[in-house]
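> I'd like to go over a predicted model; first the sequence, then the structure.
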Amino acid sequence: MLVERDLNLIGMKVDLVAKEKNDAGFVKNMSENGGLFVRSSNAHALARFHIHQSHQPPRLRERHHTIFIFIFIIIVVVAVVVTVVVATALNFNFIQKEMGLSSLERYCGNRARGREKERAATELECIVMDWLGEMLMLPKSFLFKGNGGGVLQGTTCEAILCTLAAARDQMLNRCGSEKMEKDAVHADVEAGLVPFFLCATVGTTSTNAIDPIGPLCEVAKDFNIWVHVDAAYAGSACICPEFRHFIDGIEGTNSFTLTAHKWFLTTLDCCCLWVKDPRALIKSLSTNPEFLRNKATSKLVVDYKDWQITLSGRFRAIKLWLVLRSYGMANLRNFLRSLIKMAKLFEELLRNDNRFEFVAPRNFALVCFRVLRWPNDNSVANQVECANELNKKLLESINGSGNV
């Protein structure tokens, strides 16, 4: 039988009532009044006791409260950490694959109209453009360290349009002061046309053809023609010393573009434009109403609104900076070399199969080939009449499967 003395030791007030176990009325009355029943060892007595919190010792109550608060804090911290980790992983995966880091660019700021609060975005863009220019071993005249500089455009088309406008205005300023006499442009001159822009390509989209930059610059030099080099795809590979010779003669050009979102592990959109004389761009693209004037007006800082078609632009430099810092030059070179190595292997496999032919020499990682005939069909007529249809079906099959 529980005794009152023993239960009081743990802060419980006990009322003992002896009653026969079969007293249904008593049990009912106890149930209605509440309480806890304790049956004695001889099964003839019931003990009812109520727990009074106020009778618990102070130290015991404080200990219970402390433990409860500690457990609650641990649960909250764990929940917050798990939520942040999961949300970060999901958000970064979504941003990287679906949004091209546009959210990151937006939240990190932009370089809108050269505002003072956006100086960090502009400074980082200047830095990464010089970094990449040095990786490409561009002449110092194309870097901010010299008298040139670089800007991130959205696409190659935007970059060419900017340089085209600069070349046009530059030539318009020269017309009438210098006479053009070379035979190559006589016809245009007689027709009232003035050649002012030459675009050389290093790695065309369809066949990866490469124009000789040096000889083209020699011809353009005599006529003060603006020479632009479009290396949108293949320019990335030129950070490797063994491919740098493809842009030899770059020192004689006026501008150079490389599209980082094509082959440089960078998401859309990110086109790098370098110019030897930024003043030519600024003269053609600048606008200086009162509400846009800032320190750049006095040439103390770079204001990229005068280097592009739009007044404002996203923080594109952040994703290029992340690629350069996370991979480094050595890993980027290894990545490019591995793709070119796979292209060489693929070329060798095709060369050993007489059903295929090459339509252009392989440059970098692009292999241009076509199927000559249907399998097990050696007829000449089939090669002539059905080759195009066969190649079309092969292309549709590869694109449809998503596998190579």
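Alright, I've got the coordinates.

> quick one: contacts for residue 317?
Contact analysis of residue 317 by Cβ atoms under 8 Å, 6 or more residues apart in numbering lists 121, 124-125, 127-129, 152. (Each C-beta comes from the backbone N, C-alpha and C, glycine too.)

> In space, what's closest to it - neighbours in sequence excluded?
Using Cβ to Cβ, 6 or more residues apart in numbering and skipping residues adjacent in sequence, the residue nearest residue 317 is residue 125, 3.8 Å away.

> Test my guess that the one you found contacts residue 316.
Yes. Shown here, residue 125 and residue 316 form a contact pair, counting by Cβ atoms under 8 Å, at 7.2 Å.

> who's more crowded, the two?
Higher neighbour count among residue 125 and residue 316: residue 316, with 31 against 26, using other Cβ atoms under 10 Å.

> Now do the contacts for the more buried one.
Contacts for residue 316 (Cβ under 8 Å, 6+ apart) come out as 105, 125, 152, 269-270.

> got it, and residue 335?
By Cβ under 8 Å, 6+ apart, the contact list for residue 335 reads 265, 327.

> Just the element for it, please.
Element membership for residue 335 (DSSP states H and E) is helix 317-351.

> just checking, what packs against the very next helix or strand once past that helix?
Next helix or strand after helix 317-351 toward the C-terminus (DSSP H and E): strand 356-358. Other helices and strands packing on strand 356-358, by 3 or more Cβ pairs under 8 Å, 6 or more residues apart in numbering; DSSP states H and E, are helix 317-351, strand 369-371.

> now the helices: where do they sit in the protein?
Taking DSSP state H as the criterion, the chain carries its helices at 4-8, 24-33, 58-94, 102-108, 119-135, 156-174, 186-190, 213-221, 260-263, 278-285, 317-351, 380-401.

> closest to residue 301 out of those?
Of all the helices of the chain, it is helix 119-135 that lies closest to residue 301, at 7.3 Å by Cβ to Cβ.

> and the closest one, average pLDDT?
The average of the pLDDT scores along helix 119-135 is 85.

> quick one: contacts of that helix?
Under the criterion Cβ under 8 Å, 6+ apart, residues 108-111, 114, 142-145, 149-152, 239, 258, 260, 272, 274, 301-304, 315-318, 320-321, 324, 329, 332 lie in contact with helix 119-135.

> Narrow those to just the buried residues.
Using 16 or more other Cβ atoms under 10 Å as the burial test, these include 108-111, 114, 142-144, 149-152, 239, 258, 260, 272, 274, 302-304, 315-318, 320-321, 324, 332 as buried.

> right, and the helices of the chain - which one's nearest residue 360?
Closest among the helices of the chain, once you apply Cβ to Cβ, is helix 317-351, at 11.4 Å.

> now that closest one and helix 119-135, what's the angle there?
Interaxial angle, helix 317-351 versus helix 119-135 (axes from the mean of the first three to the mean of the last three Cα atoms, to 10 degrees): 30 degrees.

> buried set for helix 317-351?
Buried residues in helix 317-351, counted by 16+ other Cβ under 10 Å: 317-321, 323-324, 332-333, 336, 340, 343, 347, 350.

> so can I have a markdown table of those residues showing pLDDT and distance to residue 164?
Below are the buried residues of helix 317-351 laid out as a markdown table (pLDDT from 0 to 100; distance: Cβ to Cβ, whole Å):
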| residue | pLDDT | distance to residue 164 |
| --- | --- | --- |
| 317 | 87 | 24 |
| 318 | 87 | 28 |
| 319 | 90 | 27 |
| 320 | 90 | 24 |
| 321 | 90 | 28 |
| 323 | 93 | 28 |
| 324 | 92 | 29 |
| 332 | 95 | 30 |
| 333 | 96 | 32 |
| 336 | 96 | 29 |
| 340 | 96 | 32 |
| 343 | 96 | 33 |
| 347 | 95 | 36 |
| 350 | 93 | 39 |
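
> quick check, nearest of those to residue 74?
Nearest to residue 74 among these, counting by Cβ to Cβ, is residue 318 at 36.2 Å.

> ok, now how distant is the closest one from residue 307?
For residue 318, the distance to residue 307 (Cβ to Cβ, to the nearest Å) stands at 18 Å.
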